[in-house]
Each structure stands twice: as C-alpha cells, then as structure tokens.
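Participant: Make a model of this:
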Amino acid sequence: MSDTHFGYQTVPEEQKAHKVAEVFHSVAAKYDVMNDLMSAGLHRLWKTFTIAQAGVRPGFKVLDIAGGTGDLAKAFAKKAGPTGEVWLTDINESMLRVGRDRLLNNGLITPILLCDAERLPFHDNYFDRVTVAFGLRNMTHKDAALAEMRRVLKPGGKLLVLEFSKVWEPLKKPYDIYSFSVLPWLGKRIANDADSYRYLAESIRMHPDQETLKQMMQDAGLERVEYFSLTAGVAALHTGIKL
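Facilitator: Numbers count the residues shown, from 1 in each chain. Below is the predicted model of the structure:
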C-alpha cells in the first residue's frame, strides 16, 4: 500500500480521492465566486486563452475532464455546435451538479458524466480535444491520467492542461504570503472553509513545475509538447498532440 501527498500531508493513496472530494463538496456552491476573488478575475482570461488554443470547430468531439462548473464545456459546446459532442466530466458530484445546472441555464444540453480521469470510460481514439483545467494537481496518479487522456484522443488530437504552476522567482515570497495567509482568510470569510483553501495553496506547491509537467506529458506519449506561462507563472497552459 503506497502513500501520496494531500497538500503537505502524506496520506494512503486510497484516502486521497476521498479527501479531495470532501474539499470540493465543501466549496462547490462558492467555487466561482472564490475563483474570481482569488485570481482577481484572471482565471477567466486564462480559460479564454485555453479556449482559443483549443481551436474547437463545428463537429468536434471534446472531453472536458474535472470540468467542475462548466466554464470550458460551455464555450466548447457553443463552438462545436449541434453536430459536435462535448462531454463535461468530473469525479465530484457536487461540482458536476453546478456545471450541469449552469449549462442548462445557458440552453446547452450536453453529455455529463461522473468519472475518474485515471480510468476514462471512453473508447480509444475518440476525441478531437481533451482538456483539464485546474484538476490535474488533485489526481493521485498523474502519469496514469495523462496516459488515459492520450488514449482517448484521435490521432492528430490535442490535449490541453491548464494548471497553477511555478511563479517567477522574484514573486515567490509575496505569492507565498498571499497563498498561505490571504487565501485561507478569504476561504473562511466567503465559503466558511479556511482548510480547503489552505489545501489549495499546498496542492499548488506540490504540483510539478512547467518543465516537469512538459516531460510528464512527453513520457505519456504526447508529441510537440509546449507550454505558455501565464501571469508570471501563476498558471501555465501545456499542450500536446497525439500523432
């Protein structure tokens, strides 16, 4: 039985998914409000950049993993149109319900599925695009998840991974103060949950940096892997192609 990290804690692997689920069950209702406050709205620009890089066209099949409240799935569904197929998936039921309701409120009816990114229930070579935004760092076996994402991509398909990353060195100290002092305070005031936002800060620090994640995607069999550091490295978009 192996151990893994949950923020700065070391926990048995089989407990991590449960602990992550508790975090997102707790914050689901206030997730979007907190995202806007934490990033001063920048997460919307990062997602807009990701949507542009995805280049979804009418008729595309798209899989949005850990899609949560549905920001990317909503944009992709509009671009793929009635001939396309956009799946919103998440391992957390509370988050998925928020995403489902948001899509329906926007007049979008698209497949929604509760599933684990490490064991995707889709055929090989099915999707034109696979995306995961701010979800990879919560996965226990990131290498297995990346391999699954590649498996379900069509040859020529693209994987896009948007995630928090390593900030530029001159900003590291103020970023740490913000992450470990301001974020838990905001979490307490807005979502009545300081611990979940403390975990968020810790999970970001434990996530692979830009170059390490690039290598992990290459090791998973993706080609032409590149990344874009966003807002001084606070976030990064990694892309790779299945040839």
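Participant: From here on, just use CA atoms for contacts and neighbour counts.
Facilitator: OK.
Participant: As a check, name the ranges of all helices in this protein.
Facilitator: In the chain, the segments counted as helices under DSSP state H are 13-27, 31-39, 42-54, 71-80, 93-105, 142-152, 172-177, 183-191, 194-206, 210-219.
Participant: Figure out the length between the terminal residues of stretch 53-64.
Facilitator: One end of stretch 53-64 to the other measures 14 Å (C-alpha to C-alpha, to the nearest Å).
Participant: what comes up buried for that stretch?
Facilitator: The neighbour-count check on stretch 53-64 (16 or more other C-alpha atoms under 10 Å) flags 54, 56-57, 59-64 as buried.
Participant: Not counting its neighbours along the chain, what's nearest Gln210?
Facilitator: For Gln210, ignoring the flanking residues on the chain, the nearest one in space by C-alpha to C-alpha, 6 or more residues apart in numbering is Ser165 at 6.4 Å.
Participant: er, Glu93 actually
Facilitator: Leu114 (6.6 Å).
Participant: Which residues does that neighbour form beta bridges with?
Facilitator: Beta bridges link Leu114 to Asp90 when assigned by DSSP bridges.
Participant: What's the local residue count around Ser165?
Facilitator: Counted with other C-alpha atoms under 10 Å, the neighbours of Ser165 add up to 24.
Participant: And for the longest strand along the chain, what's in contact with it?
Facilitator: Identified as the longest strand of the chain according to DSSP state E is strand 153-164. Strand 153-164 is contacted from outside by 46-47, 50, 54, 124-137, 149-150, 204, 207, 233-243, using C-alpha atoms under 8 Å, 6 or more residues apart in numbering.
Participant: hang on, the earlier thing: would you list the helices of the chain in CSV and tack on distance to Trp87?
Facilitator: Converted to CSV, the helices of the chain look like this (distance: least, C-alpha to C-alpha, whole Å):
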stretch, distance to Trp87
helix 13-27, 20
helix 31-39, 20
helix 42-54, 15
helix 71-80, 7
helix 93-105, 11
helix 142-152, 13
helix 172-177, 34
helix 183-191, 28
helix 194-206, 26
helix 210-219, 22
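Participant: Leu120: which of those helices is closest?
Facilitator: Nearest to Leu120, of all these, is helix 142-152, at 6.5 Å by C-alpha to C-alpha.
Participant: Show me what the closest one is in contact with.
Facilitator: 117-120, 122-127, 130, 136, 139, 159, 216-217, 220-222, 242.
Participant: Which of those fall within strands?
Facilitator: 127, 130, 159.
Participant: show me what contacts the second one?
Facilitator: I take that to be Val130. By C-alpha under 8 Å, 6+ apart, the residues touching Val130 are 62-65, 149, 153, 157-160.
Participant: Kindly indicate which of these lies nearest Thr83.
Facilitator: Using C-alpha to C-alpha, the contacts of Val130 come closest to Thr83 at Val62, 11.8 Å.
Participant: Beta-bridge partners for the closest one, please?
Facilitator: Under DSSP bridges, the residues paired with Val62 across the bridge are Val86, Arg129.
Participant: And it, how far from Ser229?
Facilitator: Taken as C-alpha to C-alpha, the span from Val62 to Ser229 is 24 Å.
Participant: which secondary element of this structure has the worst mean pLDDT?
Facilitator: Within the chain, no helix or strand scores below helix 13-27, which has a mean of 67 by mean pLDDT, DSSP states H and E.
Participant: Report the contact partners of the residue nearest to Gln210.
Facilitator: 204-205, 207-210, 233-236.
Participant: CSV please, covering the residues you listed and showing neighbour count and distance to Val182.
Facilitator: Below are the contacts of Ser165 laid out as CSV (neighbours: other C-alpha atoms under 10 Å; distance: C-alpha to C-alpha, whole Å):
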residue, neighbour count, distance to Val182
Ile204, 21, 15
Arg205, 18, 16
His207, 19, 20
Pro208, 18, 23
Asp209, 18, 23
Gln210, 22, 25
Gly233, 18, 19
Val234, 18, 16
Ala235, 23, 18
Ala236, 23, 22
